[in-house]
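task: produce atomic coordinates for the following.
(one chain, ligands or ions: 1)
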Amino acid sequence: MYTEKEIKSLFELSKSLLSRQILKDDLDVLIKVLHFHEWSYSIQNNPLISDFEYDSLYKALEKLEYDQPSIIRADSPTQRVSSDLKNDFPTVQHIIPMLSLDNSYNAEDLNDFDRQIRKLCNIEEAETIEYSVEPKFDGGSIALIYENDLLVRAATRGNGNEGEEMTANAKSMKSLPLRAEFSKLQIQKAELRGESLIRKDIFNEVNAKREEEGLPLFANPRNAATGGLRMKDANQTGERGIETFVFQFGYAVDANGKDIIPELGTHMKSLDILTQLGFKIPQQERKLCAGIDEAIAFCAEWQEKRDTYAYEIDGMVVKVNSFELQEKCGFTQHHPRWAIAYKFKAKQATSKLEKVEYQVGKIGAVTPVAKITPVQLAGVTVSSISLHNEDFIKSKDIRIGDSVLVERAGDVIPYIVKSFPELRDGTEQIIEYPKHCPVCEQVLTRIENEAVWRCTNFLCEAQVIQRMVHHISKDAMNIDGFGKSYIERFHELGWLKDISDIYNLDYDAISQLEGFGQKSADNLKSAIDIAKSNPIHRLLNSLAIHHLGKKASKVIAEKIEHVLELKTWKIEDFTNIKDIGPVVADNVSAYFRNEANIKLLERMESYGVNLHQLEVDKPKQIKDDAPLKDKTILFTGTLYQMNRKEAQLMAEEAGAKNISAVSSNLDILVVGEKAGSKLKKAEEIGTVQILTEQEFLNIING
Ligand code: IVH
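Residues are numbered from 1 along each chain as shown. Okay, the predicted model is just below:
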């Protein structure tokens with residue numbers, strides 16, 4: 001459809017339009033450029049500019065057309081709604097079209113929006129308009145139909161009029177009630193709008209697992225969610241951890257077909273009702289704002305908070321709260337006039353891959369790192385991005401000199417989404433994966449079924465340094481104020497050959513070093529002295545034994561009086577411990593069969609490092625007067641002051657045992673927000689003590 005030359009020139013044209021003010025004379029070029037990007041995004045599945053950049057061009061076109069409606073061309077991209085149809089699932093008609101949202105990027109845009117609402121509804125300056133503000137979730141949109149209280153259909157947005165039916169996939173999500181009592185509100189049939197998403201921490205876990213298994217990684221939580229939504233095996237949708245937030249009533253009628261939505265009064269109230277009905281609704285994340293200034297402030301607050309939020313959001317949505325006013329505002333072909341998205345700073349950008357460097361990890365994994373021309377992503381400058389492994393580079397066909405699309409989404413690690421082969425000029429170079437360790441020249445090996453190439457030279461300088469960096473890190477020996485730069489410097493001076501040398505440093509010599517002095521040498525000494533008395537679970541974790549992490553170190557530490565006892569342990573002694581698998585067992589056992597490692601630990605002990613089990617290493621004894629001693633407990637619904645895991649841990653520490661089902665064996669049910677069938681069942685049993693989150697906290701805190 002487009003030749004290589006046209007592609008390059010249209011790309012250059014887009015960049016030039018993006019870098020200057022767009023005027024009426026640009027109309028034809030602008031439409032041409034937008035058509036091209038629609039094609040590369042939707043047909044080629046290969047966007048050449050970021051969403052933000054596309055939005056800016058689209059908005060510029062909207063503005064030109066708004067100023068002078070006579071110029072609107074029939075083929076203008078504003079004259080249609082976009083589509084994500086791919087034909088794999090049956091197509092269904094939406095009851096009412098699923099429109100988009102208009103976008104805003106700053107306070108000025110939101111003030112314009114407020115003025116526009118006043119005009120449409122005839123509201124004076126002095127009168128305050130109430131806005132309901134909530135996150136703009138960045139996942140896949142979904143429309144849910146409930147009929148006679150049952151979930152009967154779920155569909156994606158598709159082209160806005162028709163979507164893909166995926167009822168089975170939706171039904172596998174525990175966050176969606178299969179039954180909700182709409183009949184209590186006289187609602188016989190309702191359509192709800194929502195967004196399917198994956199939590200950021202689950203997304204990172206899913207990708208880490210895929211990386212270990214050598215599977216292609218998801219670029220971002222949105223792709224993992226939309227991919228999960230379209231899974232052929234519906235069960236996998238739920239298993240992947242896809243959840244659905246509901247944020248809007250689309251349609252609701254009684255048995256006579258009468259519209260019930262106006263009777264619900266306001267958007268806020270409608271969300272409260274949906275909460276009562278058991279849906280996952282933004283709670284603390286939404287706010288009723290009196291006037292646009294409060295709405296602007298809430299958007300700014302969330303722009304700051306976005307990274308700490310558990311889900312990926314790309315902005316906030318400001319909605320006129322009153323349904324009566326919404327009705328007055330109405331819709332354009334493209335979006336409701338009563339709502340607007342406030343988009344956060346872009347987290348995608350294009351950059352150039354300048355070179356690839358290779359880092360050697362503490363267990364010898366050689367990881368390629370892309371050095372890119374620095375770009376701003378969601379307010380942070382990014383210049384280094386992991387390329388993970390050889391397969392990743394090959395599957396994405398990334399070359400040195402390529403233009404690349406990079407993304408950094410909150411606490412999600414920066415990622416190269418793709419390269420742009422169509423923009424190559426022939427000077428790009430294929431990345432040759434090294435055959436030898438970049439530091440010690442050892443020939444690299446790749447174990448079957450593993451994605452990484454490893455340097456197997458235990459004495460490789462890079463590994464020695466990385467092991468030391470790991471040894472002093474927070475989760476290991478946690479030596480305050482001792483950073484990587486000190487390790488590199490002391491290693492270069494020949495003072496640190498292995499981790500034992502950390503405990504035998506010459507502080508007089510350190511105090512003489514440039515940039516040091518008596519005070520910093522003393523501080524370092526006291527931090528290292530403190531670490532000498534660490535519990536042995538920290539020491540075990542600090543040894544950089546492959547796959548031996550924090551948790552496994554703790555359970556092993558519980559079983560030994562002295563670290564060197566592990567010399568005599570057989571594989572079964574390890575695997576007999578619950579939570580220790582054969583891989584960890586093999587690796588720990590091999591470590592303690594190696595004489596050099598034993599010598600190292602003995603040296604450390606002679607320098608004063610503790611190798612004995614301390615009280616904190618021992619399994620916790622539950623006291624007789626523990627507040628929940630011998631009780632069984634179960635948590636249900638959404639908790640706000642802690643997450644589920646933390647709650648369970650607190651309960652265990654207070655002597656309780658966590659169980660997973662409601663039965664007559666259950667003593668206590670702690671109910672969070674939106675508790676469903678478990679609460680009902682517990683009430684029916686009658687003997688279960690039902691506590692709120694706060695009551696639970698009061699009990700365990702005495
Ligand atoms: S309201 C009729 N609220 O954004 C208005 N949309 O660009 C319907 N989205 O396809 C939209 N969070 O999937 C609304 N709190 C929220 C949202 C939200 C995410 C998505 C939605 C829609 C897209 C519009």
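
my read is Glu354 is in a strand, agree?
Yes: counting by DSSP: H, G, I helix; E, B strand; the rest coil, Glu354 is located in a strand.

count of residues packed around it?
13 (other C-beta atoms under 10 Å). (Each C-beta comes from the backbone N, C-alpha and C, glycine too.)

what do you get for Glu514?
By other C-beta under 10 Å, the residues close to Glu514 number 6.

per-residue pLDDT, it?
For Glu514, the pLDDT comes out at 92.

could you check how far it is from Arg489?
Distance, Glu514 to Arg489, using C-beta to C-beta, to the nearest Å: 10 Å.

got a pLDDT number for the residue of the stretch 501-650 of the chain found nearest the ligand?
Residue of the stretch 501-650 of the chain nearest the ligand, by C-beta to the nearest ligand atom: Thr638 (17.5 Å). At Thr638, the model reports a pLDDT of 81.

check Ala252 too.
96.

how about it, secondary structure?
Ala252 ends up strand, using three-state DSSP.

hmm, it is touching Lys258, no?
No: using C-beta atoms under 8 Å, Ala252 is not in contact with Lys258, being 9.6 Å away.

hmm, back to that, for the residue of the stretch 501-650 of the chain closest to the ligand, the count of nearby residues, please.
18.

beta partners for it?
Beta-bridge partners for Thr638, by DSSP bridges, are Glu673.

so for the protein, the centremost residue is which one?
The chain has Lys200 as the residue nearest its centroid, 1.9 Å off, counting by C-alpha atoms, centre = their mean.

against the ligand, how distant is it?
With the distance defined as C-beta to the nearest ligand atom, to the nearest Å, Lys200 ends up 16 Å from the ligand.

hang on, Tyr607 packs against Asn504?
Yes: the criterion here is C-beta under 8 Å, and Tyr607 meets it with Asn504 at 5.0 Å.

now do the shared contacts for these two.
Counting by C-beta atoms under 8 Å, 6 or more residues apart in numbering, Tyr607 and Asn504 have no common neighbour.

sec struct for Glu62, please.
Three-state call for Glu62 (three-state DSSP): helix.

now it: closest residue in space that isn't a chain neighbour?
Of all residues not flanking Glu62 in the chain, Thr78 sits nearest, at 5.7 Å (C-beta to C-beta, 6 or more residues apart in numbering).

count of residues packed around Thr568?
Residues lying near Thr568 (other C-beta under 10 Å) number 8.

ok, His436 next?
For His436, the count of nearby residues is 12 (other C-beta under 10 Å).

the residue nearest to it when sequence neighbours are not counted: how many residues sit nearby?
Of all residues not flanking His436 in the chain, Val443 sits nearest, at 5.9 Å (C-beta to C-beta, 6+ apart). By other C-beta under 10 Å, 11 other residues sit near Val443.

my guess is Val443 contacts Arg454. True?
No: with contact defined as C-beta under 8 Å, Val443 and Arg454 do not form a contacting pair (10.4 Å).

list the contacts of Leu178.
Contact analysis of Leu178 by C-beta under 8 Å, 6+ apart lists Leu150, Leu151, Lys171.

just among those, which is most surrounded?
Ranking these using other C-beta under 10 Å puts Leu151 first, with 18 neighbours.

I'd like the distance between the nearest residue to that residue once chain neighbours are set aside and the ligand.
Using C-beta to C-beta, 6+ apart and skipping the chain neighbours, the partner closest in space to Leu151 is Leu178 (5.1 Å). Taking C-beta to the nearest ligand atom as the measure, Leu178 falls 22 Å from the ligand.

hmm, Gln442 is touching Cys460, no?
Yes: counting by C-beta under 8 Å, Gln442 touches Cys460, with 6.3 Å between them.

so how far is Glu357 from Arg446?
Counting by C-beta to C-beta, the gap from Arg446 to Glu357 is 19 Å.

which residues touch the closest residue to the ligand within the stretch 251-400 of the chain?
Using C-beta to the nearest ligand atom, Val317 is the residue of the stretch 251-400 of the chain that sits closest to the ligand, at 4.1 Å. Applying C-beta under 8 Å, 6+ apart to Val317 gives the contacts Leu101, Val133, Glu134, Pro135, Lys136, Phe247, Ala339, Ile340, Ala341, Tyr342.

just checking, the residue nearest to the centre of the chain touches Asp307?
No: counting by C-beta under 8 Å, Lys200 does not reach Asp307; the two are 9.2 Å apart.

got phi/psi on the residue of the stretch 251-400 of the chain closest to the ligand?
phi -120, psi 130 (degrees, to the nearest 10).

how far away is it from Glu304?
18 Å.

next one: Asn504
46 Å.

and Tyr503, by the same measure?
As for Tyr503, its distance to Glu304 is 42 Å (criterion: C-beta to C-beta).

more neighbours: these two, which one.
A count of neighbours by other C-beta under 10 Å puts Tyr503 above the other of Tyr503 and Glu304, at 18 against 9.

isn't the more buried one right up against Ile528?
Yes: the pair Tyr503 / Ile528 is scored as a contact, 6.4 Å apart, by C-beta under 8 Å.

name the nearest residue to the residue of the stretch 1-150 of the chain found nearest the ligand, ignoring sequence neighbours.
The minimum distance from the stretch 1-150 of the chain to the ligand, using C-beta to the nearest ligand atom, falls at Ser141 (2.9 Å). Nearest residue to Ser141 in three dimensions, chain neighbours excluded: Arg157, at 4.2 Å (C-beta to C-beta, 6+ apart).

ignoring the adjacent residues along the chain, who's closest to the residue lying farthest from the centre of the chain?
Distance from the C-alpha centroid of the chain, by C-alpha atoms, centre = their mean, peaks at Asp508 (46.9 Å). Spatial nearest neighbour of Asp508, excluding adjacent residues (C-beta to C-beta, 6+ apart): Ala521 at 7.6 Å.

which outside residues touch stretch 482-500?
The contact list for stretch 482-500 (C-beta under 8 Å, 6+ apart) reads 461, 464-465, 467-469, 471-472, 501-502, 505-506, 509-510, 513, 524, 527-528, 542-543, 600, 603-604, 607.

for ChimeraX, write the select line for the buried members of these.
To isolate in ChimeraX the members of the contacts of stretch 482-500 that are buried, counting by 16 or more other C-beta atoms under 10 Å, one can use:
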select :464,465,467,468,469,471,472,501,502,505,510,524,527,528,542,543,600,603,604
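
what's the closest residue to Arg337 other than its chain neighbours sitting at in phi/psi?
Excluding the flanking residues, the one nearest Arg337 by C-beta to C-beta, 6+ apart is Cys329, at 4.1 Å. Note on Cys329: its backbone torsions stand at phi -70, psi -40 [degrees, to the nearest 10].

and if you look at Leu691?
phi -120, psi 150.

strands along the stretch 251-400 of the chain, start to end?
With DSSP state E, counting those that start in this stretch as the definition, the stretch 251-400 of the chain shows strands at residue ranges 287-290, 313-320, 339-343, 348-360, 365-377, 380-386, 399-400.

nearest to Ile393, of those?
Taking C-beta to C-beta, strand 365-377 is the member of the strands of the stretch 251-400 of the chain nearest to Ile393, at 6.5 Å.

partner strands of that closest one, with direction?
In the sheet, strand 365-377 lines up with strand 348-360 (antiparallel), strand 380-386 (antiparallel), strand 453-454 (antiparallel) (DSSP bridges).

ok, which stretches of the stretch 601-702 of the chain are strands?
632-636, 657-658, 668-671, 689-692.

neighbouring strands - and their directions - for the first one?
For strand 632-636, the paired strands and their directions (DSSP bridges) are strand 657-658 (parallel), strand 668-671 (parallel).
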